[in-house]
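S.K.: quick one: sequence and predicted model below, then my questions.
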Amino acid sequence: MDRRLVGLLLIVASAAGFGSGALFARSAYEATSIGFATLMAWRFILGAAATWLWILASPRRRAAARAMDRRMVAIGLGLGILYVGNSGTYYAGLEHVPASLAALIVFVYPAMVAVLSLRFGRRLEGRRAWAALGLAVLGSILTIGGIRPDEVPPPEWLALVALSPIIYSCWIVLQAWLTGERSAGAGTAASSADPTATTAILNSGAAIVWVLLATAIGQPVAPWGVPGAAWPDIAGIAILTTFVAIVGFTEGSRRIGAAEASLISTIEPVWTIALAALLLGESLTPVQLAGGALILGGVILAQTGRRRAGTVAVAEARAVGTAEAVGSVEPVLVRIADE
């Protein structure tokens, strides 16, 4: 199957997984007395276990994990600690912020990633891609603006949730760099870490930090201290929102680049608010529906630009260091990208 198509499908699956997390969390909070630190600790304990089992099931993935040197392992653990900041601000905020609103606040991150990728990764190519990003961000703004005034939570909890996309944007760019993304394209670095192995280490590091944090603030971590009714939601958030979502995003972004992966991920709030309406009874306004339509329109627009074989040629030429090939093809690509 085409590498780009596989990347797109992985990002769509990742977005659906991430988008389901708010629903699992809200369900657990409303049905049980579980705290966000306990929820996060078990999210990453089970998510890490699932990722390691996935690695052990394949000789290729086992070899990739063994090939990671100490430096890559240390960076992977650092990414896990950084992800604690992202997940902590988001899921702590969900105790007071509606799931649909929280999901949409987070979606300023594609614009942040696009800007960071200008310097550190594979940039969005052409005016069409940037226009698509603009539509997606505008759609998120409209949907946030569609929240009724009587549903707006206290500003301190909104501010907490607003920290999440800032931390997440940095995490995306750093994990993309670790798994081989450079300005020449995604997965072009000669020395890079396997995305799945990186995710296993990341989830393990996050699990350790969350266990320590939960213990420090007095929330239970032992299985018998977790409400029995919370386990289905914990399992859902561990498998779909951690294993599937993070592995899908790291594998997908390695194929299409972090900036475009973030753009495609803007379908996540559409998924979240639709599920919130169906399962939690959170109603949607016409403005929110219009915002969702703009988000989907931006994603579709991003995939309808004309792509020619020369784009692939440039990435491959850069990856093997053939500057002459790049020089002969790149001027043509600049004209195509600006169409």
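M.R.: Received, thanks. Here the structure is a predicted model, which means the values were calculated and not measured.

S.K.: how far does the lengthiest helix in the chain sit from the chain's center?
M.R.: Using DSSP state H, we find that the single longest helix of the chain is helix 3-31. Mean-position distance between helix 3-31 and its chain equals 9 Å (CA atoms, centre = their mean, to the nearest Å).

S.K.: for that helix, which positions count as buried?
M.R.: Residues of helix 3-31 classed as buried: 7-8, 10-29 (neighbour count, 16 or more other CB atoms under 10 Å). Quick note: C-beta positions are derived from backbone N, CA and C, even for glycine.

S.K.: same for it, what does it pack against?
M.R.: helix 36-56, helix 99-105, helix 231-238, helix 245-256, helix 258-264, helix 267-279 (3 or more CB pairs under 8 Å, 6 or more residues apart in numbering; DSSP states H and E).

S.K.: lowest average confidence across those helices, which one?
M.R.: The minimum mean pLDDT among these belongs to helix 99-105 (a mean of 70).

S.K.: so where's the stretch 101-250 of the chain uncertain?
M.R.: The model of the stretch 101-250 of the chain has pLDDT under 70 over residues 103-104, 115, 117-130, 132-133, 140-141, 143-152, 180-192.

S.K.: and the nearest residue to residue 93 once chain neighbours are set aside, how close does it get to residue 13?
M.R.: Nearest non-adjacent residue to residue 93, counting by CB to CB, 6 or more residues apart in numbering: residue 161, 3.6 Å away. Here residue 161 is placed at a distance of 24 Å from residue 13 (CB to CB, to the nearest Å).

S.K.: which residue is nearest the middle of this protein?
M.R.: residue 249 (5.8 Å; CA atoms, centre = their mean).

S.K.: surely that one meets residue 265?
M.R.: Yes. Between residue 249 and residue 265 there is a contact under CB atoms under 8 Å: 7.4 Å.

S.K.: for these two, list the residues in contact with both.
M.R.: Counting by CB atoms under 8 Å, 6 or more residues apart in numbering, the contacts common to residue 249 and residue 265 are 11, 14, 18.

S.K.: any chance of these in a markdown table, plus pLDDT?
M.R.: A markdown table is the format used below for those (pLDDT from 0 to 100):
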| residue | pLDDT |
| --- | --- |
| 11 | 90 |
| 14 | 91 |
| 18 | 87 |
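
S.K.: now, among these, which is nearest to residue 56?
M.R.: residue 14 (21.9 Å; CB to CB).

S.K.: quick one, what contacts the closest one?
M.R.: By CB under 8 Å, 6+ apart, the neighbours of residue 14 are 244, 245, 246, 247, 248, 249, 252, 265.

S.K.: give me that answer again for 7 Å
M.R.: 245, 248, 249, 252, 265 (CB atoms under 7 Å, 6 or more residues apart in numbering).

S.K.: mind checking how far the third one is from residue 171?
M.R.: Here the distance between residue 249 and residue 171 works out to 10 Å (CB to CB).

S.K.: what's the answer for the second one, then?
M.R.: Spatial separation of residue 248 from residue 171 under the definition CB to CB is 15 Å.

S.K.: neighbour count: the two, which is higher?
M.R.: residue 248 (25 against 20; other CB atoms under 10 Å).

S.K.: ok, that one touching residue 13?
M.R.: Yes. Counting by CB atoms under 7 Å, residue 248 does reach residue 13; the two are 4.7 Å apart.

S.K.: okay, the angle between the longest helix of the chain and helix 231-238?
M.R.: 150 degrees (axes from the mean of the first three to the mean of the last three CA atoms, to 10 degrees).
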